[in-house]
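Novice: build me a structure from this.
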Amino acid sequence: MPIMAKMRDNLPAILLSLVILFLLTIVLDWGMDITGRHHRESFREPIGIVNGEEITYQEFNQALEMEIENFKQRTGNDPDEFMIEQIRNQVWEQLINRKLIEQEIKKLGITVTDDEITDWVLNSPETLPEPVKRNFVDSTGNIDRVLLERALKATSPQARQFWIEVEKFLKAQRLTEKLQSRLLASVRVSEGEIKERFEKQNIRYEIKYISLDPNRFAKEITEPTEEEIREYYRNYQSDFRIQETRRLKYVLFSDAPSSEDSASVIRELENFKQQALQGADFIELVKNYSELPYTDAFFKHGELPAEIENEIWDKKVGEIVGPLKLSDGFHLVKIIDERKGSDVFVRASHILVPIGRDSAQAYKLAREILDLAKKGEDFAKLAGTFSTDQASARRGGDLGWFGKGKMVKEFEDACFKSKPGEIVGPVRTQYGLHIIKVIAKDNRELKVANLKLSVRASSETIESQRKRAQDFSHTVSGKNFVQEATSLGLDVKTTPPFTKDSPIPGIGMNKSISDWAFSNKVGSVSPVFKIRGGFAVFTVAEIKEGGIRPLEEVKEAIKVRIRREKLQNKSYDYLANLRKKLNEAEGLDGITRLDSTLEVKTASGFTLSGGIPGIGTDENVFGKLIDLKINQISEPIKGNSNVYIIQLVNKTPFDTTLYKSQYESLKEQIYNEKRNLLFFTWLDNLKKNAKIVDNRALYFEQ
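Specialist: This next block holds a predicted model:
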């Protein structure tokens, strides 16, 4: 393949990889606003400003287009309105981070020269990032120097564009590396940290322990006094600090498909049906238009959705059935072929009568129902009236098709021994008494072609609901939100209180709504926001400022805490007294001599990176266990819930050879954890201290 053709073919993949892998690099220089989301050309305002530096709409839209294309490649589907909003928020955060990082790079005077990039490409091409390097490797994965030199000398417009993008990418990566090197220069991993991680992951323990539930002493504990409560409140006020919260009321205008959207799909399927009846190849129609792939497999009973199976099994080869409505859309089904199978299947309906305490009465009722059914009463109506199997009763008792081994033996035997149309019973099983009507028996297998189309909301439906939401937002502004909504027959929902930048209960994580809620006052009416399920208009229903919760609000919680503390202290003192009397030579088992109600348990084979069987991941216990010697018995330990005494029975020795083999990987693991924590803490602090202007509302109707 010629070098320029190779680069031209790989360029989109390279650019996509760069965006995914490196935050700083968004390199597209073109864009068509493929989302069609209200780009208002007349606006000249930047979409965002970070510490005085602009993020342009073009920059934002290019990144958005790329992320949407990435979503399509990952999922095979176009993102819906809700997902586009999520992607838009993600891109916004990425660009804010990018701008902050770029500003810090300038502030710190970090630069990358053209000579550095040239030296990198010419002298160390094997260290180039994979998205670049893979354009110049041979079949063995090694750099092809001839190919690289030819590419460098190429002068076509495609080659120049390629190297412009590569240079941007390499400079961005090298700048990032230098920044990280500067920021993370202080990160060190000590020998002690490595050894501690190794021991937690590899040393296995065997212990004996007793666990004392403090509630054993519940009757001996006095209720906390007012003074105790006030003192606890004074000493632990930070525990009762609350963040500022908002509570919203809102109306949702659903963007679910309309009846016209369903009718449109039905018309489309009817058109396909007519084409097939006039000679079009139905299988080709399925291959070209169906959302389900065509398969030439034969289906047995029970392998197709019941709604389809019940409609097609009495039809002949060549017949087309439908459109049929299922939960996932509409289906048009043609029977392509049939054959005899080795397995016999039965379709039956039943009426279930529970036996209860009075079996004679149950049998009497079952026989009366059986008599009515045999005399010609509608079996489906009888099932709806008498059967306690509500799932099948709603379908007239119909259980669909089933083969051997699918039902309990007594029920199955009765069905397979009976003839189609026969009504039998009562048949007793573990579930009760059954009156059974055998509808059909069959051993055929069918090959079908299934043309399935989902019902999706049309652009007209979506825009209609968006317009309704916009009209409501404008109408209700300055008025009583609930009264106006109720007068229009709209359902008003209320969120529980939530904190800034946290998920909104019932809605999820939505920074745009959260930002709006925390920058407006009670009674304010929002613009239209897209959320899952449709378009929402909000009003601020309640504002609670942050601070320390009043004593009266937390009084009961403090009582519980004090009582729990007293119980733990009582339990600790009780075990401490037993511990003093314990004969070390007896081991922990001797404690049962002092209190026969205590049970000595054993836990073995665990590491401290997991949990102790029967105790869990209690750091208080872990801390004491590490310091124990073999056969040593601990003093009482106040755990997260119970109070413990443990005896170390055994632990595996420190394996020096294994430690040396894991040393480097453990060191790298700890180093990466520390550097990631440091970097993201640094970035989070930058964001908190930055002055950020968000103008997205000028360009996108939320």
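Novice: so residue 167: helix, strand or coil?
Specialist: Put simply, residue 167 is helix when judged by DSSP: H, G, I helix; E, B strand; the rest coil.
Novice: tell me, how many residues neighbour residue 601?
Specialist: 14 (other CB atoms under 10 Å). All C-beta atoms are positioned from the backbone trio N, CA, C, and that covers glycine.
Novice: for it, give the beta-bridge partners.
Specialist: Residues in a beta bridge with residue 601, per DSSP bridges, are residue 209.
Novice: which residues does the nearest residue to residue 85 once chain neighbours are set aside form a beta bridge with?
Specialist: In this structure, residue 85 finds its nearest non-sequential neighbour in residue 530, 4.8 Å apart by CB to CB, 6 or more residues apart in numbering. Here residue 530 sits in beta bridges with residue 535, going by DSSP bridges.
Novice: residue contacts, residue 530?
Specialist: Shown in contact with residue 530 (CB atoms under 8 Å, 6 or more residues apart in numbering): 81, 82, 84, 85, 536, 702.
Novice: again, but for residue 276
Specialist: Going by CB under 8 Å, 6+ apart, residue 276 touches 282, 285, 320, 334.
Novice: please redo it, this time with the cut-off set to 6 Å
Specialist: Going by CB atoms under 6 Å, 6 or more residues apart in numbering, residue 276 touches 282, 320.
Novice: part of a helix, is it?
Specialist: Yes. Looking at residue 276 with three-state DSSP, it is inside a helix.
Novice: any idea how far it is from residue 437?
Specialist: As defined by CB to CB, to the nearest Å, residue 276 lies at a distance of 36 Å from residue 437.
Novice: report the central residue of this protein.
Specialist: Residue closest to the mean C-alpha point of the chain, counted by CA atoms, centre = their mean, is residue 508 at 11.3 Å.
Novice: for residue 537, see how far away that one is.
Specialist: Distance from residue 508 to residue 537, by CB to CB: 17 Å.
Novice: all strands of the stretch 301-450 of the chain, in order?
Specialist: Taking DSSP state E, counting those that start in this stretch as the test, the strands found in the stretch 301-450 of the chain are 320-326, 329-353, 398-402, 423-429, 432-453.
Novice: nearest to residue 186, of those?
Specialist: Go through the strands of the stretch 301-450 of the chain one by one with CB to CB and the one that ends up closest to residue 186 is strand 329-353, at 58.0 Å.
Novice: residues of the closest one that come out buried?
Specialist: 329-336, 338, 341, 345-353 (16 or more other CB atoms under 10 Å).
Novice: pull the distance from the longest helix anywhere in the chain to the chain's centre.
Specialist: Longest helix in the chain, counting residues (DSSP state H): helix 656-689. Centroid separation for helix 656-689 versus its chain: 26 Å, with CA atoms, centre = their mean, to the nearest Å.
Novice: farthest pair in the contacts of residue 530?
Specialist: 84 and 536 (15.5 Å).
Novice: what's the nearest residue to residue 690 if we skip its chain neighbours?
Specialist: Distances taken as CB to CB, 6+ apart put residue 51 closest to residue 690, at 5.5 Å, once the chain neighbours are dropped.
Novice: check residue 224 too.
Specialist: What sits nearest to residue 224 in space, not counting adjacent residues and going by CB to CB, 6+ apart, is residue 562, at 4.2 Å.
Novice: what's the nearest residue to residue 320 if we skip its chain neighbours?
Specialist: Spatial nearest neighbour of residue 320, chain neighbours left out: residue 334 (4.6 Å); criterion: CB to CB, 6+ apart.
Novice: thinking again about what came up before, the nearest residue to the residue nearest to the centre of the chain once chain neighbours are set aside: neighbouring residues, count only.
Specialist: Excluding its sequence neighbours, the residue lying closest to residue 508 (CB to CB, 6+ apart) is residue 532, at 6.9 Å. By other CB under 10 Å, the residues close to residue 532 number 17.
Novice: residues contacting the residue nearest to residue 320?
Specialist: Contact partners of residue 334, counting by CB under 6 Å, 6+ apart, are 282, 320, 449.
Novice: any of those buried? List them.
Specialist: Neighbour-count burial (16+ other CB under 10 Å) applied to the contacts of residue 334 gives 282, 320, 449.
Novice: in a markdown table: those residues, plus distance to residue 649.
Specialist: A markdown table is the format used below for those (distance: CB to CB, whole Å):
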| residue | distance to residue 649 |
| --- | --- |
| 282 | 73 |
| 320 | 74 |
| 449 | 68 |
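Novice: keeping just the C-alphas, turn the strand or helix carrying residue 147 into PDB.
Specialist: Using DSSP states H and E, residue 147 maps to helix 145-153. Taking C-alpha atoms only, helix 145-153 is exported to PDB below (Å, rounded to 0.1, in the frame of the first residue of the first chain):
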ATOM      1  CA  ARG A 145      13.000   3.100   8.700                       C
ATOM      2  CA  VAL A 146      12.500   3.300   5.000                       C
ATOM      3  CA  LEU A 147       8.800   3.800   5.300                       C
ATOM      4  CA  LEU A 148       9.300   6.500   8.000                       C
ATOM      5  CA  GLU A 149      11.800   8.400   5.900                       C
ATOM      6  CA  ARG A 150       9.600   8.300   2.800                       C
ATOM      7  CA  ALA A 151       6.700   9.600   4.900                       C
ATOM      8  CA  LEU A 152       8.900  12.500   6.300                       C
ATOM      9  CA  LYS A 153       9.900  13.500   2.800                       C
END
